[in-house]
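**Student:** Just the structure for this:
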Amino acid sequence: MSLVFTAVCSHAPGITARAAQASSADRDALYGAMDDLRIQLEASRPDAVIFLAAEHFANFFMNNMPAFAIGMGERYKGPIEDPDWLGIPHREVRGAPDLGRRLITRLLQSVDVAYCEEWQFDHGIVVPLHLLDPENQLTVIPANINCQGPPLTPLHRAWAFGEAIRQAADAVPERIALIATGGISHWPATPDSGKINEAWDRDFLDRWLANDRDRLLAYTDEETYRDAGQGGFEIRTFIAAAAAARGKGTLHFFRPIPVFAVSCTVATMEIA
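**Tutor:** Numbers count the residues shown, from 1 in each chain. Okay, here's the model as predicted:
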């Protein structure tokens, strides 16, 4: 049928792993915003949800690092991390192999994308999935962009990937939702973990909410690394979501929460 819903949200592992260390005001506000997003997602009545995240070396490594990948498995399992540490129990998630194959076939008309019948979910998908699908009812198609292993996927190619997702979604009879997950500025697994560049984050979100393609693609990796850390490379998933939706965004929640090591963000974008 078409793309029926697009949103972005944070996926930092601290959101669940360090939930007890955050102030109740911060934690409850973020969890409340994610619960509101869950209600909006359910109201869109998706047949499947594409969760677009960054690769964290859970499935791909430097011996084989695709720019883009999409799953077409029957089932997926996660988290790959220690569930006691992450604060999320293991779950098995329903996939959509036939739909995934049809979407991939359409995507390949315009972008080169790797495809997988096996996929392990790490925090990039499991954290938002835990909050958006507590009853484990969703049908999920995982997707990712290389935001970790240089040479990174260029920003204009992330935009092209989002456009291809939209074209593929519009070409199938099912109702497709897209949730792009990631961080804005953050410095994970470094001595600077917990550092946040709020001004940089707000500027990026201004560009994203306006769906300003030129300004979204104006970043260089050198500038992003300097101002937003290596975690800032995950803006690629947000950029792809903007290209897919084509509309204007609405910011539902934004708050720098250092114990979660990121400016926690929840936003939706109009399907234009």
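
**Student:** Buried ones in stretch 68-85, by neighbour count?
**Tutor:** Phe68, Ala69, Ile70, Gly71, Met72, Gly73, Tyr76, Gly78, Pro79, Ile80, Glu81 (16 or more other Cβ atoms under 10 Å). C-beta: built from backbone N, CA, C; applies to glycine.

**Student:** What's the mean pLDDT across the helix ranked longest in the chain?
**Tutor:** In the chain, assigned by DSSP state H, the helix with the most residues is helix 24-43. In this model, helix 24-43 has a mean pLDDT of 98.

**Student:** and of the buried residues of stretch 68-85, the nearest to Ala7?
**Tutor:** Among the buried residues of stretch 68-85, Ile70 lies closest to Ala7 (Cβ to Cβ), at 18.3 Å.

**Student:** In a strand, that closest one, correct?
**Tutor:** Yes. Ile70 sits within a strand when classified using DSSP: H, G, I helix; E, B strand; the rest coil.

**Student:** I'd like the numbering to begin with 373 instead of 1 from here.
**Tutor:** Shifting the count to begin at 373 puts that one at Ile442.

**Student:** Quick check: it vs Cys488, distance?
**Tutor:** 7 Å (Cβ to Cβ, to the nearest Å).

**Student:** now swap in Pro506 and tell me
**Tutor:** 26 Å.

**Student:** And for Asn583?
**Tutor:** Asn583 is 30 Å from Cys488, by Cβ to Cβ.

**Student:** quick one: Asp484 is in a strand?
**Tutor:** No. Asp484 is assigned coil when assessed by three-state DSSP, not a strand.

**Student:** Could you check the pLDDT of it?
**Tutor:** Asp484 is given a pLDDT of 95.

**Student:** If Cys488 is in a bridge, with which residues?
**Tutor:** Gly443 (DSSP bridges).

**Student:** mind listing what it touches?
**Tutor:** By Cβ atoms under 8 Å, 6 or more residues apart in numbering, the residues touching Cys488 are Asn431, Ala441, Ile442, Gly443, Met444, Gly445.

**Student:** can I assume Arg538 is in contact with Thr378?
**Tutor:** No. Taking contacts as Cβ atoms under 8 Å, Arg538 lies outside contact range of Thr378: 9.0 Å.

**Student:** which residues are in contact with both of those two?
**Tutor:** Ala616, Ala617.

**Student:** Which of the two has more residues huddled nearby?
**Tutor:** The neighbour count for Arg538 versus Thr378, taken as other Cβ atoms under 10 Å, is higher for Thr378 (30 against 23).

**Student:** Tell me the secondary structure at that one.
**Tutor:** On the three-state scheme (three-state DSSP), Thr378 is labelled strand.

**Student:** which residue packs closest to it, ignoring adjacent ones?
**Tutor:** Closest residue to Thr378 apart from its sequence neighbours, by Cβ to Cβ, 6 or more residues apart in numbering: Ala617 at 4.0 Å.

**Student:** quick one: low-confidence parts of this protein?
**Tutor:** The chain contains residues with pLDDT under 70 at 373.

**Student:** for it, which strand is longest?
**Tutor:** Longest strand in the chain by number of residues, with DSSP state E as the criterion: strand 618-629.

**Student:** roughly how far is that strand from the heart of the chain?
**Tutor:** 14 Å (Cα atoms, centre = their mean, to the nearest Å).

**Student:** Name the surrounding residues that touch it.
**Tutor:** Strand 618-629 has contacts (Cβ under 8 Å, 6+ apart) with 394, 398, 401-402, 405, 408-409, 538, 568, 570, 573-574, 577, 580-583, 614, 634-644.
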